[in-house]
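J.: Generate coordinates for the sequence data below:
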Amino acid sequence: MSLPAEEIAAIRANIASRKTRDLIFTGIGILCLVVALLTIAALFADMIITGWDRFRPGFFTDFPSRRAAQAGILSAWVGSVAVMVVTAVVAVPLGVAAGIWLEEYAPKHWITDVIEININNLAGVPSIIYGLLALGLFVYTFGLGQSVQTAGLTLALLILPVVIVATREAIRSIPQMIREAAYGLGATKWQTVKDHIVPYSLPGILTGIIIGLSRAIGETAPIITIGALTFIAFLPPSPVTDVPPFISFEWLKAPFTVMPIQIFNWTSRPDSAFHQNAAAAGAILVAMTLTMNAIAIWLRYRLRKNIKW
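T.: Coordinates of the predicted model:
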């Protein structure tokens, strides 16, 4: 039974109207994306142009100075690397293990639901709250002081929910048939997770880890809250010594500064020459963040090519 001509015309008009709305929505989305990308590119280009004269080898190898022309970012980038090492060592094992436990081992009851809700909520907590928590817990209660280890633990708390959520989402993307096939061949729960689930979800897990670290490297509020130094003209002690056992952990207790703090210090100066330093350091920090995100994209693409279901 064919439809009346009027109904067919109404259906066609409705389809055409929906296609038009889809095109308008797509155009608005593309326009917003282009505006956002152009804004970011313009700001990045402005930082590069403003700080162009500071891009020299000495800028990376000199300590901060009261003279803008002689100031460098040596203590800042070394401090950032040291803090990121502590952050990664703490957050990655705990975050990945927690994600695996919640997704594969945790019993499904209200306690697990409460844990999951709180983890998702913690991902949206302002970073300065983590700084206040670390100030009371790590600095005063545990007596760790205003040190590299305190900063690393603070940023580890900050990115821990990100790593956990990324791990869980990566594990959820694994088809159920992988687990069923492993169980059918006699594999235990642990063997299934170790030999199949984790390797197959590794691209997503690594992506979440790197994105979390790229967020942490640019954080300022929690680092300022725990008392990071704004001017420091020395480096932490070397982790390698010439005395057995040839490894020292004294650098964990050393005072520190990081790239965002150094930029904040220079931008607060009235001298425009220090603003050039801040622009150059800001461009370097943005480049570091973009590089970390590019590595995450490349790793995900490279590892996923090797996965065959």
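J.: List the buried residues in stretch 286-299.
T.: 286, 288-289, 292, 296, 299 (16 or more other Cβ atoms under 10 Å). Every C-beta, even on glycine, is put in place using the N, C-alpha and C of the backbone.
J.: meant to ask about stretch 167-178, not that
T.: Neighbour-count burial for stretch 167-178 [16+ other Cβ under 10 Å]: 167-171, 174.
J.: residue ranges of the helices in the stretch 1-150 of the chain, please?
T.: 5-50, 57-61, 74-100, 110-122, 127-134, 148-172 (DSSP state H, counting those that start in this stretch).
J.: Not counting its own residues, what contacts the second one?
T.: Contact partners of helix 57-61, identified using Cβ atoms under 8 Å, 6 or more residues apart in numbering, comprise 72-74, 77, 277, 280.
J.: May I have it as CSV, with CA atoms only?
T.: The C-alpha coordinates for helix 57-61 follow below in CSV (Å, rounded to 0.1, in the frame of the first residue of the first chain):
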residue,chain,number,x,y,z
PRO,A,57,71.8,27.9,24.5
GLY,A,58,72.5,30.0,27.5
PHE,A,59,68.8,30.4,28.3
PHE,A,60,68.7,26.6,29.0
THR,A,61,72.0,26.4,30.9
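J.: Domain map for this protein?
T.: Domain assignment for the chain by automatic domain parsing gives 1-50, 56-305.
J.: So what's the residue count around A166?
T.: 24 (other Cβ atoms under 10 Å).
J.: check contacts around it.
T.: 95, 99, 204-205, 207-209, 211-212 are the contacts of A166 under Cβ under 8 Å, 6+ apart.
J.: Confirm for me that I115 is in contact with L102.
T.: Yes - using Cβ atoms under 8 Å, I115 is in contact with L102, at 7.0 Å.
J.: Could you check which of those two is surrounded by more residues?
T.: Counted by other Cβ under 10 Å, I115 and L102 do not tie: L102 has more neighbours, with 18 against 15.
J.: Quick check: S80 touching M259?
T.: Yes - counting by Cβ under 8 Å, S80 touches M259, with 4.9 Å between them.
J.: Touching both of the two, which residues are there?
T.: I217.
J.: For Q146, what are phi and psi?
T.: According to degrees, to the nearest 10, the main-chain angles of Q146 amount to phi -90, psi 80.
J.: before we move on, the earlier item: so of the domains of the chain, which one's packed in deepest?
T.: Sort the domains of the chain by mean neighbour count, taking mean count of other Cβ atoms under 10 Å, and domain 56-305 sits at the top with a mean of 17.
J.: average pLDDT for stretch 136-147?
T.: For stretch 136-147, mean pLDDT rounds to 88.
J.: Only the C-alpha atoms, please, for it, written as PDB.
T.: What follows is stretch 136-147, C-alpha atoms only, in PDB (Å, rounded to 0.1, in the frame of the first residue of the first chain):
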ATOM      1  CA  GLY A 136      48.400  20.100  55.500                       C
ATOM      2  CA  LEU A 137      49.200  16.400  54.900                       C
ATOM      3  CA  PHE A 138      52.700  16.200  53.300                       C
ATOM      4  CA  VAL A 139      54.300  19.500  54.500                       C
ATOM      5  CA  TYR A 140      53.000  19.700  58.100                       C
ATOM      6  CA  THR A 141      51.700  16.300  59.100                       C
ATOM      7  CA  PHE A 142      54.400  14.100  57.500                       C
ATOM      8  CA  GLY A 143      57.100  16.700  57.700                       C
ATOM      9  CA  LEU A 144      58.300  16.300  54.100                       C
ATOM     10  CA  GLY A 145      58.800  20.000  53.800                       C
ATOM     11  CA  GLN A 146      58.700  22.100  50.600                       C
ATOM     12  CA  SER A 147      60.700  19.700  48.600                       C
END
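J.: returning to that earlier point: turn the contacts of A166 into a markdown table, including distance to L153 and secondary structure.
T.: Conversion of these to a markdown table gives the following (distance: Cβ to Cβ, whole Å; DSSP: H, G, I helix; E, B strand; the rest coil):
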| residue | distance to L153 | secondary structure |
| --- | --- | --- |
| G95 | 14 | helix |
| G99 | 19 | helix |
| G204 | 25 | helix |
| I205 | 21 | helix |
| T207 | 23 | helix |
| G208 | 20 | helix |
| I209 | 17 | helix |
| I211 | 20 | helix |
| G212 | 15 | helix |
